Structure formats: structure tokens, C-alpha cells
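>>> Build me a structure from this.
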Amino acid sequence: MNDRTNISLADLDRAAHFHPVTSIHDLEKNGPVIYTNAQGVEVTRDNGQTLIDMGAGLWCVNVGYGRQELVQAGAQAMQTLSFQHFFGGAAAEPTIRLADRLLTLFRETVPGSDMARVFFGCSGSDANDTAFKLVRYYNNLRGLPQKKKVISRLGAYHGLTYASGSLTGIEGYHKAFDMPIAGVLHTGCAHHYAFAKDGESEADFSDRLIAELEQMIDQEGGETIAAFIAEPVMGTGGVFTPPAGYFAKLQDLLDRHDILLIADEVITGFGRTGQWFGCGTYGIRPDIVSLAKGLTSAYFPMSASIISRRIWDVLERASPEMGPVMHGFTYSGHPVGSAIAMANLDIMEREDLPGRAARLGPVLLDALKSKVGDHPFVGEVRGVGLMAAIEFVADKSTRARLPYGAHKIVAAKALEHGVLSRGLPFLPVNSMSPPLSITEAEIDEATTRYAAALRAATPEIEAMR
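As a prediction, the model looks like this:
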């Protein structure tokens with residue numbers, strides 16, 4: 001092999017690595033940002049700069065970086081049973097216990113839920129693919145082969161595989177990929193600040209969204225609609241908390257038309273909203289729940305799909321005739337991932353991290369509102385639990401949009417000032433979703449740095465208007 005030791009890591013990365021969700025042009029021009037280590041809520045770059053990670057990676061490092069309990073759980077699991085597939089009824093103790101724990105946790109924290117089984121995968125995207133397939137399988141078994149369409153929402157993010165990427169309602173992810181696929185529809189975005197009409201209350205906005213959805217169902221034919229998929233809080237779209245009454249009215253509409261509800265809790269699951277699940281926060285009664293990220297705090301790639309009794313009973317009755325359910329992945333329920341997830345849940349329970357998110361969420365929002373809320377380009381600061389957003393506008397009174405990219409200037413300046421936030425892809429929003437283990441002092445320091453970054457970015461934003 002050729003000697004590569006004299007090539008810089010940055011140049012080697014440019015020459016070898018195809019990055020996800022990255023501009024090839026920008027990477028060639030600027031090179032990668034290389035990280036070397038992380039501890040607690042801080043990550044360190046190869047140039048020695050230490051940053052407060054106000055994104056928890058990609059909404060996922062819920063217990064913080066460098067938790068030795070998770071390292072030890074993974075190491076012990078690798079020594080004991082480094083791999084086992086679960087095809088054909090094979091099983092292993094860590095995965096059995098994790099499935100039981102997740103079912104119990106969801107049943108106990110989401111009133112009115114009736115969940116029956118857990119299916120495991122590797123990512124939030126494949127969890128939503130699993131849901132997409134299961135609603136079709138379920139209706140085929142019921143003798144309703146025409147009931148296959150799935151409705152999502154504009155601004156939704158549900159992953160980037162072919163089905164989950166189609167469910168995603170952000171145009172940039174579809175460009176040149178021939179998405180969305182047939183059978184996927186998108187209804188209005190449930191974000192009051194940006195999409196309500198003048199003088200329209202949250203309740204009135206919810207009524208209008210539900211009326212528009214009902215019109216779509218009537219036009220398509222309720223007999224053709226299999227499911228509706230929704231994030232309790234629309235994360236990547238811009239941390240859109242649901243307007244007043246939205247989910248109660250949505251649930252009633254779906255029930256009337258025999259339409260399943262898929263709750264995408266990939267971001268909101270495991271404490272992010274201040275409760276264990278966003279379904280508990282907003283009184284949602286789902287038929288399928290997609291989980292990932294916080295399940296292992298990203299120490300191992302793993303997802304889970306929780307299936308309701310309503311669906312499971314149909315699958316179970318059809319089993320003698322249908323034979324095996326021909327869906328699964330090599331790494332479904334990986335015993336190492338299961339052991340890490342169990343240790344992760346131990347930490348979350350012992351340290352009451354959902355309660356911590358509920359307690360510190362207002363601290364984060366108050367800090368942002370006091371430090372950047374009065375800025376002329378900040379239209380709204382919002383959030384729930386340890387999920388927060390800063391939405392930028394050209395004019396506060398009219399809520400006119402800034403040219404695309406202004407919020408990314410702020411995120412870039414924030415990186416220079418030692419704080420990681422995300423410039424989101426749908427609206428001009430910076431998000432913050434730090435590890436749930438963050439302290440008040442770290443919140444204060446991170447928001448102070450962010451405010452300084454916004455001041456530094458202001459001249460460049462003004463020049464864009």
C-alpha cells in the first residue's frame with residue numbers, strides 16, 4: 001500500500017470520505033472540521049478548540065459524552081456475546097430485557113397507550129421505513145390492499161432512506177433523488193409563528209390545519225389512506241411545538257377514518273421534552289412509535305419500533321397462514337447495543353434526566369430570550385424541555401423572511417465562539433438541544449457565547465437584506 005502518513009487528515013478526508021448531508025463544493029474549498037475527543041457537554045477539535053455542544057451531536061447524546069458506564073457495558077457485552085442475529089426466533093438476554101423494559105416504560109409514561117411488541121433496527125430512518133412497511137402489511141392482512149397512502153407534513157423530518165426520505169417534508173432532501181415516492185402526501189406545517197394567518201390564534205390555526213387535512217383525506221378517499229406520521233415536536237424543521245389542541249383534533253380525525261398514527265419520537269424520545277416520551281407530553285396515542293438517538297445516547301447505532309396491540313393482533317392472527325414476517329436487519333436488536341441501551345436507561349433513571357430537562361428547559365429559554373430575544377433579526381425564541389429554537393426574520397413586525405443562509409452565518413460564527421448550534425434546513429432557525437446532563441452554568445456560558453456570535457454575524461446578515 002502507498003504510504004499515507006505524510007498526507008494531512010484534512011486532505012485525506014477530502015480524497016476518501018463521502019460525507020452525509022454535506023456540500024461537496026464547500027468541503028473541497030474549506031476542508032472538514034475534525035473532532036478528536038469529547039467529555040460531558042464539550043467536544044474538542046484537532047486545533048485544540050473546545051466547544052460546548054448545544055446540539056448533543058444530532059439531538060442524540062442525551063447522557064453526555066464519555067460515560068464510563070456505557071463503555072463498560074459495551075465492552076462486557078462484546079466479551080460475552082459479541083453478536084447474535086434474531087432471525088427465525090433466535091434470542092439473547094440483553095435484547096429480551098430491553099424489549100420488556102421499553103414496553104413497560106412506554107405503557108407507564110404514556111397514558112392510554114396500548115403497546116404490544118418492540119422491533120429493533122439500526123437508525124431512525126430504518127425505524128420509519130419499518131413503520132412504512134408495517135402499515136402496508138397490516139392493511140394487506142386486513143383485506144384492504146388499496147389502503148396504502150401515508151400522509152406526512154411539510155417541514156417534517158423522518159430520515160433519508162427512500163421511504164423515510166419521502167416522508168420527510170423538506171424539499172432540499174428530495175432534490176435530484178426522485179422523491180417523494182408515489183403514495184406519500186404532505187399536508188400543512190404545524191408551526192403557528194411562520195404559517196398562521198394574521199390574527200389567527202393557535203386554536204384557530206389548529207382547526208384550519210385539521211380542516212385542510214380532512215379535505216385531503218376526502219379528496220384522496222379515506223379508504224386509500226393507511227397512516228399519518230408526525231413528530232410530537234418537529235425537530236429538524238425548526239423545533240415546532242404543536243399549536244393548541246392540534247394532536248387531540250388530529251387523533252379524532254384519524255380515528256374516524258381508520259387511519260393509523262405513527263409517532264416519530266426519534267428526537268423527542270428519552271427525556272428530550274421533559275418527559276420520557278413526547279407522546280406523554282402531548283397526550284398522543286400512537287399505533288407505531290419510532291425511537292432511536294436517545295435509546296443508546298448514540299453510543300451504539302440502534303433504533304426501536306414499538307407496535308400497538310391494534311396492529312399486533314392482526315399480525316398474530318394471520319401468522320399461521322402468512323408464515324414468517326419477512327422483515328428485519330442483520331443487526332436488529334444487536335446484543336451489544338441492547339446492553340448499552342440498558343445501561344443508558346439506568347443512567348437516565350438514576351439521574352432523572354427527563355426531570356432535569358423539564359427543570360432546565362425554562363432556564364435555557366430564559367437565557368436565550370434575555371440575551372438574543374431583542375435582537376432585530378430574532379423573530380421568536382421557543383422550545384420545550386431541552387429543545388430550543390431561535391427563528392430569524394428580516395422584520396419583526398411583518399415576520400418577513402431573511403434570505404436563505406442567514407441563520408447558517410450565525411451558526412458558523414457560533415462555532416468560532418466555541419459553541420455548536422445547528423443551522424436547520426427548512427426555515428432560518430438555529431436549534432439547541434444539549435445533552436440532558438448539562439448544568440445551569442454551562443447553559444449560561446453557551447448562551448453568552450451564542451449571543452456574542454450573533455452580534456458578530458449581524459453586519460453580514462444586514463448586508464444580505
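>>> can you list contacts of the host helix or strand of Glu108?
Per DSSP states H and E: Glu108 is located in helix 93-109. Helix 93-109 has contacts (C-beta atoms under 8 Å, 6 or more residues apart in numbering) with 77, 81, 86, 113-118, 120, 275-277, 279-280, 289, 291, 304, 306, 333-336, 338-339, 341-342, 345. In short, each C-beta sits where N, CA and C put it, glycine included.
>>> For it, buried residues please.
Residues of helix 93-109 classed as buried by neighbour count (16 or more other C-beta atoms under 10 Å): 94-95, 98-99, 101-103, 105-106.
>>> One more: stretch 46-59?
Those would be 51-59, for stretch 46-59 by 16+ other C-beta under 10 Å.
>>> Likewise for stretch 452-464?
452-454, 456-458, 461.
>>> contacting residues for Ala394?
377, 400-402, 465.
>>> Could you tell me which of these count as buried?
Here, 16+ other C-beta under 10 Å leaves 377, 401-402 buried among these.
>>> from those, which is closest to Gln146?
Minimum distance to Gln146 across the buried ones among the contacts of Ala394 is 40.0 Å, recorded for Arg401 (C-beta to C-beta).
>>> how about CSV for the buried ones among the contacts of Ala394, with pLDDT, secondary structure and distance to Gly383 added?
Output for these, formatted as CSV (pLDDT from 0 to 100; DSSP: H, G, I helix; E, B strand; the rest coil; distance: C-beta to C-beta, whole Å):
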residue, pLDDT, secondary structure, distance to Gly383
Phe377, 97, coil, 18
Arg401, 90, coil, 21
Leu402, 90, coil, 20
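>>> can you redo those as JSON lines with distance to Val384?
Output for the buried ones among the contacts of Ala394, formatted as JSON lines (distance: C-beta to C-beta, whole Å):
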{"residue": "Phe377", "distance to Val384": "23"}
{"residue": "Arg401", "distance to Val384": "24"}
{"residue": "Leu402", "distance to Val384": "25"}
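>>> who touches the one helix or strand Ser431 maps to?
Using DSSP H and E, Ser431 maps to strand 429-432. With C-beta under 8 Å, 6+ apart as the contact definition, strand 429-432 has outside contacts at 54-55, 235-236, 238-239, 364, 368, 383, 387-392, 407, 410-411, 414, 421-424, 446, 450.
>>> Just give me how far that strand sits from the chain centre.
13 Å (C-alpha atoms, centre = their mean, to the nearest Å).
>>> Just give the strands next to it in its sheet, each with its orientation.
Note on strand 429-432: by DSSP bridges, its sheet partners are strand 387-392 (antiparallel), strand 422-423 (antiparallel).
>>> so which of those is the most packed in?
Of all the strands paired with strand 429-432, strand 387-392 has the most neighbours on average by mean count of other C-beta atoms under 10 Å, namely a mean of 26.
>>> Can I get that one in CSV, CA atoms only?
Extracted in CSV, the C-alpha atoms of strand 387-392 (Å, rounded to 0.1, in the frame of the first residue of the first chain):
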residue,chain,number,x,y,z
MET,A,387,-35.2,21.6,22.7
ALA,A,388,-34.9,25.3,21.8
ALA,A,389,-35.0,27.3,18.6
ILE,A,390,-34.1,30.8,17.5
GLU,A,391,-36.0,31.8,14.4
PHE,A,392,-34.7,34.7,12.3
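>>> Name the residues that touch that strand?
For strand 387-392, the external contacting residues (C-beta under 8 Å, 6+ apart) are 59, 193-194, 233, 235, 238-240, 267-268, 272-273, 361, 364-365, 368, 372, 377-383, 402, 406-407, 410, 424, 427-433, 461.
>>> show me what contacts Val41?
With C-beta under 8 Å, 6+ apart, Val41 has these contacts: 52-53, 64-65, 434-435, 437-438, 442.
>>> residues in contact with the strand or helix carrying Asp366?
Assigned by DSSP H and E, Asp366 belongs to helix 353-372. Applying C-beta under 8 Å, 6+ apart, the set of residues contacting helix 353-372 from outside is 62-63, 270-276, 347-348, 378, 381-388, 390, 432, 434, 436-438, 440, 443-444, 447-448, 450-451, 454.
>>> rerun that using 6 Å as the cut-off
271, 274-276, 378, 381, 383, 385-386, 388, 436, 440, 443, 447, 451, 454 (C-beta atoms under 6 Å, 6 or more residues apart in numbering).
>>> And those, which of them are buried?
271, 274-276, 378, 381, 383, 385-386, 388, 436, 443, 447, 451, 454.
>>> Alright, that wraps it up for me.
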